[in-house]
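Participant: Fold the following for me, if possible:
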Amino acid sequence: MHFTFKPLHILFATGTLLMLSACGGAPSEGDIKTAIEKQMTAEAKGMAQMGGKQASDMMKNLLPEIKSVKKIGCKEDGEKAYKCDVEMEVSQMGNTNKGIAPIRFVKGSDGWIASK
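Facilitator: Numbering: from 1, shown residues only. So this is what the prediction gives:
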């Protein structure tokens, strides 16, 4: 009796391909939210550095809070880059706004980065 592991090899190869495909592709909604928050914090920090401590405290209070992010769709926009239509709900100074914006995301060494 000859026993082969061919079905097992096929299953292993398929599982490996699925795991590798999960590593690439467009950013998830969590990736998008994190990248946008990093970008907003970096911009606020840069503006605050120009104005000193008082400006820094003011910028912290003015920084918008992202309530929700919904990825509508993404298209490739270069190597390791995607342009995504993103619906966001943002609260700032007691006002909450919801809108859709196209945002470009680039995969960097520390994760996704929102770029203009």
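Participant: If you count contacts, what does the helix or strand containing residue 71 end up packed against?
Facilitator: Per DSSP states H and E: residue 71 is located in strand 65-76. With contacts taken as 3 or more C-beta pairs under 8 Å, 6 or more residues apart in numbering; DSSP states H and E, strand 65-76 sits against helix 29-62, strand 81-92, strand 95-108. In short, each C-beta sits where N, CA and C put it, glycine included.
Participant: Now distance to residue 115 too, for these, in a markdown table please.
Facilitator: Listed next are these as a markdown table, based on distance: least, C-beta to C-beta, whole Å:
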| stretch | distance to residue 115 |
| --- | --- |
| helix 29-62 | 8 |
| strand 81-92 | 8 |
| strand 95-108 | 5 |
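Participant: Hey, what's the angle from the strand holding residue 71 to strand 81-92? Just curious.
Facilitator: Note on geometry: by axes from the mean of the first three to the mean of the last three C-alpha atoms, to 10 degrees, strand 65-76 and strand 81-92 are set 160 degrees apart in direction.
Participant: Strand 65-76: which residues count as buried?
Facilitator: 69, 71, 74 (16 or more other C-beta atoms under 10 Å).
Participant: relative orientation of it and helix 29-62 in degrees?
Facilitator: Angle between the axes of strand 65-76 and helix 29-62 is 140 degrees (criterion: the same axes, to 10 degrees).
Participant: For the residue nearest the centre of the chain, give me its contacts.
Facilitator: The geometric centre of the chain, computed from its C-alpha atoms, lies nearest to residue 32 (C-alpha atoms, centre = their mean), at 2.1 Å. Shown in contact with residue 32 (C-beta atoms under 8 Å, 6 or more residues apart in numbering): 69, 71, 84, 86, 103, 105, 112, 114.
Participant: What separation do you get for it and residue 66?
Facilitator: 10 Å (C-beta to C-beta, to the nearest Å).
Participant: Equivalent analysis for residue 72, please.
Facilitator: Taking C-beta to C-beta, one finds residue 72 at 16 Å from residue 66.
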